[in-house]
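1. take this sequence and fold it.
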Amino acid sequence: MPTRIRRTRIVLASVLVGAAVVVVVVVTSSGWWSSPDAKPLATATSPAENTSTPSASTAPTPSPMTPPTTDRPATPTATATPKPRRVQVVTTFAGWNTTAGAVEVGGYAAVVEPVGTCTLRLIHGNQVVTRQHAASADATTVACGGFSVPGSALTPGAWRVALVYTSSTSMGEAPSVSVKVP
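-> Have a look, this model is predicted:
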């Protein structure tokens, strides 16, 4: 009676993924072989009866994908935070509004982007008064208008006005102008 032998090959491969090693096992079969004079590949025998020596073909072969044996911790890659680019900021009006009794300031940044912050600094000697609000984008610029600082927050005299625009990608400051508070 012919003997049926199934040829099976097991391939082990290891892959280095990040800091982990992934072992992949692939089992392939080349089908059933039937031959009248075929012999089984291995038979179960008692230890005393087993006189065969393993053949060289049963020894595992190293895979070209085997990672090196040195265990080194993965070094994190540093990602550089890009520096904001400089943009032009222009003060379009700054002055004392007698009717409102306040210093009013407005301007724009020469950039179009969806988010940013406008900061107004009024400086008089050692006094610094700061106000902030969200910038509003229009078709060609980012508007920084609408600052109104009441006279009750300021002392009489000449105040230096600085208008600053900042975002995660842009920054700029307008040249300072002077406003007289009565």
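2. point out where this structure drops to low pLDDT.
-> 1-79 (pLDDT under 70).
3. try it again at 80.
-> 1-81 (pLDDT under 80).
4. where do the strands sit along it?
-> Using DSSP state E, the strands of the chain run over 3-17, 20-35, 85-86, 89-97, 102-109, 117-124, 127-134, 136-137, 142-143, 147-150, 157-166, 170-173, 177-181.
5. buried ones in the fifth one?
-> Right, strand 102-109. 102-109 (16 or more other Cβ atoms under 10 Å). For every residue, glycine as well, the C-beta is placed using N, CA and C.
6. which of the residues you listed sits closest to residue 86?
-> Nearest to residue 86 among the buried residues of strand 102-109 is residue 109, at 10.5 Å by Cβ to Cβ.
7. that closest one against residue 92, yeah?
-> No. The criterion here is Cβ atoms under 8 Å, and residue 109 misses it with residue 92 at 11.4 Å.
8. can you pull the residues that touch both of those two?
-> Counting by Cβ atoms under 8 Å, 6 or more residues apart in numbering, residue 109 and residue 92 have no shared contacts at all.
9. domains for the protein, by residue range?
-> 3-58, 85-181 (automatic domain parsing).
10. end to end, how far does stretch 134-142 reach?
-> 10 Å (Cα to Cα, to the nearest Å).
11. please apply the same query to stretch 133-141.
-> OK, stretch 133-141 end separation, Cα to Cα: 16 Å.
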